[in-house]
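Trainee: sequence first, predicted model second:
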Amino acid sequence: MLPKSPPNAASEALASCRGAFLAVALFSALVNVLMLTGSLYMLQVYDRVLPSRSVPTLVALSIIVAVLYALLGMFDWLRQRILSRIGVMLDRRLSAPVIATMLGTQLRGQPGAMQLSRDLDSVRGFLSGLGPTTLFDLPWIPLYGGLCFILHPYLGWTLVGGAAILIVLALMTEFLSRRPSAEVSRVGAERSAMLEAMRRNAEAVAALGMERRVTARFDSVNERYVATGLGASDLTSGLGTISKIVRFMLQSCMLGLGAWLVMNNEASSGVMIASSILSSRALAPIELAIGNWRPFIGARQAWHRLKAALGEMRKDPLVSPERPTQKLGLDHVFVAPPGSQTPILKDVGFALQAGQGLAVIGPSASGKSTLARMLVGIWPVQRGSLRLDGATLDQWSAEQRGAMIGYMPQDVQLFAGTVAENIARFDPQMSEGAVLSAAKAAGAYEMILGLPKGFETPVGEAGGILSGGQRQRVGLARALYGDPFLVVLDEPNANLDSDGDAALTAAIAGVRQRGGIVVVIAHRPSALAGIDLVMILADGQVQAFGAKDEVLRKSLVPAPAAAEAAPASKLMVTANARG
């Protein structure tokens, strides 16, 4: 017996809506039964009321029909409301997993990260429209066909013939629109990615006079998107028009056939009118399905993409190790960028104990930032192992891992919110004392007090109202929030002045004094102050590792005390010579 696949977040969310879908199916059954009201009313009026000229019978029938139509409207309204709420329920259940998957997709370098959010919107929008109700109505077509056969076999077979034509049109719509719909989705994702790139690089575009050229590139992609969408729309609308013509012709055909049967005394006038109404109702779901086929195809493709993407989500462990307090160890580690099999880091290994600080130096493209990303779990280990107190990073949940790791990337990006919220990593249970402690540890306390509203100052999108140095110091405070055991700083003093350098040195010393581990990726010699170990990387391999003074002496790199004023290029040239 094959083992069952692990549960998928999308499948679980859909399964949680099973009761709501059953309610929609029940209301759809009631709606379709009540749809017979018009046919039965006409049948009774022509066959009972008119021959008897009974006004009380007409009044009674009309009252009954009014009540039934009121129930019909109520049940149709209820099923539409339930479907809309199913869409909202799925959105609420899947929003967090989709965001987590989008972030993971972006980190792995895979395209289409933003597409997942649009896919969720597409599914929710489809469930709020007429498409789902049409699908629930389709199984009731045989009921109307059976009633037409009861009225007269000729009427039943005529309806079957018309339904067969419409079903063929529906199948043609399915096969012919599948590829254009997929192409529209693909080109739309490419178009959105280009728009996002233009937004991110708006300053460079304006400064370098690239507006016209960038716009021309976007126009090319946008033209393909519009042309592809137009082709898909023309296809579905053309087939929808044909289906509408077929339904109108069939309805008139049923009326004409009914009249012929009446003239040959094989049916009553009521049968003639009722059969025409029944045929119209029977074929309406097929016509609506063809008209809504493009949204249906789009929603189905979106759901498949969501299900596939969410199926790759890593599940949090049920039991996690204790928070690390002792050591960090790398053993023969190889790391490749996402989507590549060619390692950047090759056979890297070292060990750090609590209270130690390591500076990683080396030429550009030597693998320093790759090492930083690997240490904090952004890029996975291809071969070898990375362990904190003997446990690999995946033994903790993402939230637990984040609480014990502090990270400041080269380019510090803040989120729209207050300074305090950014320092606290938007923790809803943030501690005021922990925010103040992190700010003081980063040497940013006085700087923050000088802002217009202090810790409550909104930083704007991406921290736009702060200078580069201010953003870096807030980013350092964010990395130190909660006293993480492992702190990784990638070129932390790139935008700092002398005061900022002093604050950085104090922050590194503070982490070491409380028993944490600090890894600093350094280009400027001032970043080596407060560090006791140095590692030189070149071409992704360790060239030297050990006590700072010893490694720098053997590498002919001036000690920090003598090199504070030395240009960073001297350090890098020497490291290049070692490589």
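Mentor: Cool, got the structure.
Trainee: can you give me the helices in the stretch 251-400 of the chain?
Mentor: Per DSSP state H, counting those that start in this stretch, the stretch 251-400 of the chain carries helices over the ranges 269-291, 293-311, 368-375, 398-404.
Trainee: which elements pack onto the strand or helix carrying R191?
Mentor: If you go by DSSP states H and E, R191 is part of helix 153-200. For helix 153-200, the packing partners by 3 or more C-beta pairs under 8 Å, 6 or more residues apart in numbering; DSSP states H and E come out as helix 115-127, helix 141-151, helix 211-263, helix 269-291, helix 293-311. C-beta coordinates here come from the backbone N, C-alpha and C atoms, glycine included.
Trainee: what angle sits between it and helix 269-291?
Mentor: 20 degrees (axes from the mean of the first three to the mean of the last three C-alpha atoms, to 10 degrees).
Trainee: so the nearest residue to R48 once chain neighbours are set aside versus G38, what's the distance?
Mentor: Excluding the flanking residues, the one nearest R48 by C-beta to C-beta, 6 or more residues apart in numbering is T57, at 6.3 Å. Going from T57 to G38 by C-beta to C-beta, to the nearest Å gives 17 Å.
Trainee: settle it for me: which of these two has more neighbours?
Mentor: Using other C-beta atoms under 10 Å, the more surrounded residue of T57 and G38 is G38, with 19 against 14.
Trainee: roughly how far apart are that one and L155?
Mentor: 16 Å.
Trainee: same question, T57
Mentor: From T57 to L155 the distance is 26 Å (C-beta to C-beta).
Trainee: kindly report the same for D119.
Mentor: D119 is 45 Å from L155, by C-beta to C-beta.
Trainee: now do the phi/psi pair for Q541.
Mentor: Backbone torsions for Q541, taken as degrees, to the nearest 10, come to phi -130, psi 150.
Trainee: coming back round to it: let me know the average pLDDT across the helix holding R191.
Mentor: Here helix 153-200 scores 79 as its mean pLDDT.
Trainee: help me confirm that M89 comes into contact with A15.
Mentor: No: judged on C-beta atoms under 8 Å, M89 makes no contact with A15 at a distance of 11.7 Å.
Trainee: with neighbour numbers in mind, choose between those two.
Mentor: Legend: neighbour count by other C-beta under 10 Å for M89 and A15, higher for M89 (18 against 12).
Trainee: could you give the number of residues near the residue nearest to that one when sequence neighbours are not counted?
Mentor: Distance criterion C-beta to C-beta, 6+ apart; nearest residue to M89, sequence neighbours excluded, is C17 at 5.9 Å. Counted with other C-beta under 10 Å, residues neighbouring C17 total 20.
Trainee: and S62, by the same measure?
Mentor: Look at S62: counted by other C-beta under 10 Å, it has 13 neighbours.
Trainee: on that earlier part again, turn the helices of the stretch 251-400 of the chain into TSV, including mean pLDDT, mean neighbour count and distance to E322.
Mentor: Putting the helices of the stretch 251-400 of the chain into TSV (pLDDT from 0 to 100; neighbours: other C-beta atoms under 10 Å; distance: least, C-beta to C-beta, whole Å) gives the following:
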stretch	mean pLDDT	mean neighbour count	distance to E322
helix 269-291	78	23	57
helix 293-311	77	19	30
helix 368-375	88	24	20
helix 398-404	85	16	10
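Trainee: those: which one's closest to R93?
Mentor: Taking C-beta to C-beta, helix 293-311 is the member of the helices of the stretch 251-400 of the chain nearest to R93, at 10.6 Å.
Trainee: helices of the stretch 451-579 of the chain, start to end?
Mentor: 468-480, 498-513, 548-554, 560-563, 568-578.
Trainee: what's the separation between V187 and S181?
Mentor: 11 Å.
Trainee: who has more neighbours, those two?
Mentor: S181 (23 against 19).
Trainee: just to revisit the earlier point, who touches the residue nearest to M89 in this structure?
Mentor: I86, M89, L90 (C-beta atoms under 8 Å, 6 or more residues apart in numbering).
Trainee: quick one: mark the members of those that sit in helices.
Mentor: I86, M89, L90 (DSSP state H).
Trainee: by mean pLDDT, flag the weakest helix or strand of this protein.
Mentor: helix 568-578 (a mean of 36; mean pLDDT, DSSP states H and E).
Trainee: thought I448 was touching A439?
Mentor: Yes: the pair I448 / A439 is scored as a contact, 5.7 Å apart, by C-beta under 8 Å.
Trainee: between those two, what contacts are shared?
Mentor: Contacts common to I448 and A439, judged by C-beta under 8 Å, 6+ apart, are F455.
Trainee: L288 reaches P132, doesn't it?
Mentor: No: counting by C-beta under 8 Å, L288 stays clear of P132, with 11.0 Å between them.
Trainee: ok, the nearest residue to K327 once chain neighbours are set aside - contacts?
Mentor: Spatially, and ignoring its direct neighbours in sequence, K327 is nearest to Q353 (5.2 Å; C-beta to C-beta, 6+ apart). Listed by C-beta under 8 Å, 6+ apart, the contact partners of Q353 are Q326, K327, I517.
Trainee: dump the residues you listed to TSV, plus neighbour count and distance to H304.
Mentor: Output for the contacts of Q353, formatted as TSV (neighbours: other C-beta atoms under 10 Å; distance: C-beta to C-beta, whole Å):
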residue	neighbour count	distance to H304
Q326	13	46
K327	16	45
I517	24	44
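Trainee: was I right about A274 contacting V45?
Mentor: No: taking C-beta under 8 Å as the definition, A274 is not a contact partner of V45, at 9.9 Å.
Trainee: hey, what's in contact with both of those two?
Mentor: Shared contacts of A274 and V45 (C-beta under 8 Å, 6+ apart): none.
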